[in-house]
Every structure is written in C-alpha cells, then in structure tokens.
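Colleague: what would the 3D arrangement of this be:
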Amino acid sequence: MSPSNEKTPSLLARIKAKLQNTGSKTKQNFQTSKKTSTTEKKEKISISTKIKNIKLPKINLTPKKKETKPHVKQEKGSFSTKIKLAFSSKKKTEPAQTTEKVGFFTKIKGIKLSLGTKKKKPEIATTLSATPKSLPKGVKIVERYPLYEPFSQVVIVQDPTTGEHKYILDELQLDPLEKGVYDRILEILLAEIESPKEEILDPRKFFAEEAKKIVDKYRISLGWLPDVSWYKILYHAERDLVGFGKIDPLMRDPNIEDISCDGVNKPVYVWHRNYESIETSLQFPDDETLDNLVVKLVHMAGKHVSSAFPIVDASLPGKHRLAVAYRREITPFGTAFTIRKFREDPYSIIDLINIGTFSEEMAAYFWICLESRASIMVLGGTAAGKTTALNALACLIKPGSKIITIEETAELNLPHENWVSLIARQSYGLGGSGVGEVTLFDLVKTSMRHRPDIMIVGEVRGQEAYVLFQALATGHGGMCTMHAENLDSAVKRLTQKPMDISPAYIPLMNIVLSVRRVHLIKNNERKAFRRVITVNEIEDYEKYRAPSRWNPAKDVHEINFDESTLLSSIAERQGISKATLLEELGRRRDVLHWMRERNIRSYKDVAAIIAEYYA
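Modeller: Here you go, the predicted model:
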C-alpha cells in the first residue's frame, strides 16, 4: 500500500494542542464555578436580607426604673448674688467642681460629690412577676421597689377596710430540680471553699468568685440546667452561707430601720421609714429553722448562745445591733431576736432640714454653739431619732477638732479625720464573772487622757454620766443622748442614782433639745414625722430659756434668739456684739440654704462645704 498523503502531526504540535484543550476546559470550569459562587453569594445575601427584615418581638422582662432628676430651684435672694453656680455649670463627668464666690467662700475647689453609682446586676432572662402569688386578696398596692434585682423585690400593700399596711417580700424561689442541685452544690461548696489566707474586706465578693469556679468545675456532672437556674442557685447559696439567711432581703432594704421576730409561726415585723411598724409576709415555721438562723447570726457576731446563756447582745457585720432571747428558756414563744440596722449613709443636717426635723436657723444656731464648744444633750423616747439628730449635729463640728465617741455598739458615723471611736466590750468569762469587761464608765475615764476637744457619749444612763459632767467642768465640749420625754424628767434622772449628778453641775450642760415622733396629716394621709419640739438653754438648776419651740398647728419652728443667753455669752467671749454674732448666724443659714437648693445632702459633701467655709 502506498503511504497516505496526510501529514502526521509532530510531537510538539500534539502537546500544544493538548495544552490548548486543557486550558479551555479550565477556563470553562473557572467561569462555571465563578457563576456558581456568584449565584450562591446572591442567595446568601438575599437570605440574610430576609432574616434582617424579619421583625422579632422585643421582650423586656426587667422593669425599667424611672429616672428622677433632683429638682433645682432658680436662684433668688441676696445669697444667690454672692455665690455663683457651683455644680450645675459643670459637666457630670468632671470629677472636680470649681466655684467662684464673693463673701463666705473665697473658692470652693475640687470638691468631689458622691454620685451614687449603681452596682451591675447579672442579666437574667427572667424576673419577678408584677403581682406576687402570695399577695392577699382585696388589698391595694401602695408601693413596689426592688431589693436585689432581679432576685427580690418588695410590695407594700394596704388593707382598705382597716387601713393597715403589710410588707410583702417577693423572692425568686427554686423549683424541685433546682433545689436538688442546690443541696448538692452546698455540700461541695462547704467542702472545697478554703478560708482566705488574709482578712478580706468583702466576704460576699470572695464567695461569689470562689463559688463560680467550683460550679464551673462540677457543672457537667451535676446535670444540665439553664443559666437562669445557676444564677438562682448561686443567689440562694450566697444568701444562706455568707448572707443573713431568710432575712437577707430585709437587710438589703435601706428603708428598714429595725427587724424583729417574736417567735415561731409569728410574722416578722419591720420598722419602715415611711410606714413605721408593719407586718411582713416572712415567718419561721418551726423552732429548728428559727434557732439555726439565730445561731448563725450570733456566730457571725463572734459570740456564743446556748440554753445556759440565752441572752446575747452583739454587733453584726456592717455594725448592725443584734439582741437575742434564745429558745424557750426566757420566752414561751420560742427564740426571739431584734436587729437595729446601721445606716452606712447617715442622715445629714440637710436631710433633717428637708424633712422638717430642724429649721435652717436652728441648724445655724447649733453650728455656732458647737464652734464655741457648747455642750448639747438630745432627749427623746424610743425610736424618736436621738442618735440620728446627734450624728447630724456632730457633722457641724469644726474640721480638725479632736473628737472621741463612746458607745456600747457603733452607731455614730462621722466624716472627720481626727476622730477616735471607742466601743464598750462585754466580759470574756461565763455568767457574771466580768473578766475583761470594758464599760462605758471605763471608756469615758480613759478618753480624758486622749485630750479630746469634744466627747460624744452615745447614751448616758449610768455612772458614765458623772464622768462626762466632770469632763464638761474641765472645759471639754460634750454631746450625748438620753431617754427622757422632756427636760424636767431628764434632770430628775440625772440627779438620782446611778448617775447621781449634783444639782450644781446641771448648768454645765448648755443646751438640751427634745426630739419626738409626731403624727401629722400630709396630703390627706396621717403620717409619722420626727420633730425637735423644744430647744432649752440651762441657765441654772431648774432655770431654763427656750429660744426655739415647735408649733404643731403650723408645723413650723418658732425661733426667738433674743431669749438666748448662750449667744450673748459667746459674743462676749469673742469680743463682739450679739448683733454681729446674729449676722454671722444669718450667713451660715444662707450656706445651709444654698446646699439645700443644689441638693447637696450627703454627710461627706456637707462636711466638705463646711470645711471650705473655714478655709
């Protein structure tokens, strides 16, 4: 056969053709994949757009608090022309505030006011119901406010038939599954949490951090639970282990002054600042539950209680006063206890002026008298506000003065740096042995060696009164409180045993003011208020002058400083006329009024302004 006319392609031509075919296929595949990815991308964009366009219902289960802004009045009067705006012209974020003033202050510079920052609470997807299940039928809800969001809140209700109020405690409870995990986690926490090697300032914070670590460690082995349940479990664990147990929510309420339990199956009562003594929804169903709580409280105070020694008077963490009658040894209803709460942010003199206990002129009068080391005694019955008034007046003492306070339990809280607080101590021995006991009498005697400018005795009722009057005779300033309804009954107590003060020493107490709890009708409601009824100056034994009296019909303090012999003697010692001293009193009244207009009420802020007055 003859060979074909077609030329056989060379090897190079065949390789080139193969590469061209492969390149075209790759290009096609790339274009195809590019189209596919573009299509997928468009689909993804359209899907995400659709998801964004879906409007989900917004669920906000946490009730929003209404923001309340302090009411600031417009400046008026001569005082406003002397003092320019101090705090309103500055931004809220500035830590220091500066004010120029003509007259009293040359400058108010760098005064930091407390802004009251709130602690962050855990965000939980559930909260308390608006109407608690334990709410009695047919009652009217008067007030509702949170204690520890979102775990506990308070609902104050009123019975329309009797008009009585009740304190309903609404707290998140554990369901049966959570209760089982809670019991197991308590055992683990008690076994694994180690005591801190050094003293800690905040036991709750330390416990919360350690408990979270242990819970994370055993979370899987304890079974699946939602985050909400774990928050609830940790809240109850903190409440029962490092808190005050079932009464912990009551201890968090700043409106409560006293908490008292009278026995088993009896409601716990509280003294509320707005509603006085009211019943709560909290009860102890059996002796064991109540006894366990009381033993825990006594141990927190570092004391011992038993059937052999059933009476305990102690101080709880936070300076709260605890009184216990244990079991049925001395009370037929079972264990009883009373807690008088210590106020971390005490009432300032501005607070007491705002609620009508004092007037501006009266506060300025005490300011001048304390500057001259006048002695002051506050009289009143139980829960009349004696210690509150004493603490507010003590904040008017000139900065730099050496102050020594003497108390059985710590109740006074002063902003002064040069302040020594002395607390009486019970004996270490059992029964009435008295080993190591330090009484008020001992403290008043030893305080004389500290060279104080002013001695403040929380309450005089024994031999310490004799030593206090001896200190007044040596030229020291002094302040104290005493249980008495009026000046006449106070003088009778002072001159009888165990105080046994000589009538010749009675005039050493320059001023005696009587504080009383009164009931007034405000806004068609009968409410309780505290008022300074009289201010008496003691000239001699059974010889008094009253420069100030309270008029109950008008609810005003009627003041006549022409009756004041103390101001006359102060002016004479300073070498000025009484009229000049009264002008100074008016200027100090204007300073107090200026602070009221700008809502400067914290006791530390008030003390800072008073310190600048002397600068």
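Colleague: where in the stretch 101-250 of the chain is pLDDT low?
Modeller: Along the stretch 101-250 of the chain, segments meeting pLDDT under 70 span 101-134, 197-198.
Colleague: repeat the analysis, applying 80 as the threshold.
Modeller: For the stretch 101-250 of the chain, applying pLDDT under 80 flags the ranges 101-136, 194-202, 219-225.
Colleague: report the contact partners of Val157.
Modeller: 135-136, 139-142, 165-166, 168 (C-beta atoms under 8 Å, 6 or more residues apart in numbering). Quick note: C-beta positions are derived from backbone N, CA and C, even for glycine.
Colleague: quick one: Arg516 from Phe366, how far?
Modeller: 18 Å (C-beta to C-beta, to the nearest Å).
Colleague: who are the contact partners of Arg516?
Modeller: Contacts of Arg516 by C-beta under 8 Å, 6+ apart are 380-381, 384, 485, 530-531, 533.
Colleague: out of the residues you listed, who's nearest Ile278?
Modeller: Proximity of the contacts of Arg516 to Ile278 (C-beta to C-beta) peaks at Arg530, which lies at 17.7 Å.
Colleague: ok, back up a step: restricted to strands, list the contacts of Arg516.
Modeller: 380, 530-531, 533 (DSSP state E).
Colleague: buried subset of those?
Modeller: 380, 530-531, 533 (16 or more other C-beta atoms under 10 Å).
Colleague: could you dump those to CSV with pLDDT?
Modeller: As requested, those are exported to CSV (pLDDT from 0 to 100):
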residue, pLDDT
Gly380, 95
Arg530, 93
Arg531, 96
Ile533, 96
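Colleague: do you know the pLDDT at Val460?
Modeller: Listed pLDDT for Val460 reads 93.
Colleague: three-state assignment of it?
Modeller: coil (DSSP: H, G, I helix; E, B strand; the rest coil).
Colleague: contact partners for it?
Modeller: Residues in contact with Val460 (C-beta under 8 Å, 6+ apart) are 468, 480-482, 499.
Colleague: quick one, helices of the stretch 201-350 of the chain?
Modeller: Assigned by DSSP state H, counting those that start in this stretch, the stretch 201-350 of the chain shows helices spanning 203-218, 227-241, 248-252, 287-300, 349-354.
Colleague: I'd like to know which of these lies nearest to Arg273.
Modeller: When the helices of the stretch 201-350 of the chain are ranked by proximity to Arg273 (C-beta to C-beta), helix 349-354 comes first, at 11.4 Å.
Colleague: what's the first helix or strand after that closest one?
Modeller: Using DSSP states H and E, the helix or strand that follows helix 349-354 in sequence is helix 360-371.
Colleague: dump the ones in strands among the contacts of Arg516 into CSV; add distance to Ala546 as well.
Modeller: Below are the ones in strands among the contacts of Arg516 laid out as CSV (distance: C-beta to C-beta, whole Å):
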residue, distance to Ala546
Gly380, 16
Arg530, 19
Arg531, 15
Ile533, 10
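Colleague: just name the closest of these to Val435, please.
Modeller: Gly380 (35.1 Å).
Colleague: thought that closest one was touching Ser514?
Modeller: Yes: between Gly380 and Ser514 there is a contact under C-beta atoms under 8 Å: 6.4 Å.
Colleague: most tightly packed of the helices of the stretch 201-350 of the chain?
Modeller: The highest mean neighbour count among the helices of the stretch 201-350 of the chain, using mean count of other C-beta atoms under 10 Å, belongs to helix 349-354: a mean of 22.
Colleague: who does that helix touch, helix- and strand-wise?
Modeller: Here helix 349-354 touches helix 360-371, helix 386-394, helix 578-597, going by 3 or more C-beta pairs under 8 Å, 6 or more residues apart in numbering; DSSP states H and E.
Colleague: comparing these, which comes out most buried?
Modeller: helix 386-394 (a mean of 24).
Colleague: next, the angle helix 360-371 makes with that one.
Modeller: With axes from the mean of the first three to the mean of the last three C-alpha atoms, to 10 degrees as the basis, helix 386-394 and helix 360-371 are set at 70 degrees to each other.
Colleague: and helix 386-394, what does it pack onto?
Modeller: Secondary-structure packing of helix 386-394 (3+ C-beta pairs under 8 Å, 6+ apart): helix 349-354, strand 376-380, strand 477-483, strand 511-522, strand 525-540.
Colleague: for the spatially most central residue of the chain, what are its contacts?
Modeller: Nearest to the mean C-alpha position of the chain, by C-alpha atoms, centre = their mean, lies Glu344 at 4.5 Å. Counting by C-beta under 8 Å, 6+ apart, Glu344 touches 318, 413.
Colleague: one more: the one 5 residues further on?
Modeller: Contact analysis of Ile349 by C-beta under 8 Å, 6+ apart lists 358, 363, 392-393, 395-396, 592, 606.
Colleague: nearest to Tyr505 among those residues?
Modeller: Closest to Tyr505, out of all of those and judged by C-beta to C-beta, is Leu393, at 22.1 Å.
Colleague: touching, the closest one and Ala374? I think so.
Modeller: No: with contact defined as C-beta under 8 Å, Leu393 does not reach Ala374; the gap is 10.8 Å.
Colleague: what's near enough to touch the nearest residue to Gly245 once chain neighbours are set aside?
Modeller: Nearest non-adjacent residue to Gly245, counting by C-beta to C-beta, 6 or more residues apart in numbering: Leu293, 4.8 Å away. Contact analysis of Leu293 by C-beta under 8 Å, 6+ apart lists 245-247, 284.
Colleague: just these now: which is nearest Ile454?
Modeller: Taking C-beta to C-beta as the measure, Ile454 lies nearest Ile247 of the contacts of Leu293, at 36.7 Å.
Colleague: okay, now that closest one: neighbour count?
Modeller: By other C-beta atoms under 10 Å, the residues close to Ile247 number 23.
Colleague: from Asn413, how far out is Ala384?
Modeller: From Ala384 to Asn413 the distance is 19 Å (C-beta to C-beta).
Colleague: those two: who's more crowded?
Modeller: Legend: neighbour count by other C-beta under 10 Å for Ala384 and Asn413, higher for Ala384 (22 against 19).
Colleague: how much space is there between the more buried one and Val378?
Modeller: 9 Å.
Colleague: overlap in contacts of those two?
Modeller: In contact with both Ala384 and Val378: Val515, using C-beta under 8 Å, 6+ apart.
Colleague: on that earlier part again, for the contacts of Val460, pick the one with the most neighbours.
Modeller: Taking other C-beta under 10 Å as the neighbour criterion, Leu468 ranks highest of those with 29 neighbours.
Colleague: among the helices and strands packed on helix 386-394, which comes closest to Ser548?
Modeller: strand 525-540 (4.0 Å).
Colleague: next structured bit after the closest one?
Modeller: Remark: after strand 525-540, the chain's next helix or strand is strand 543-551, criterion DSSP H and E.
Colleague: relative to strand 511-522, how tilted is that following strand?
Modeller: Using the same axes, to 10 degrees: strand 543-551 against strand 511-522 is 20 degrees.
Colleague: just the buried positions in strand 543-551, please.
Modeller: 544, 546-550.
Colleague: likewise for stretch 442-452?
Modeller: Applying 16+ other C-beta under 10 Å to stretch 442-452 flags 442-444, 447, 452 as buried.
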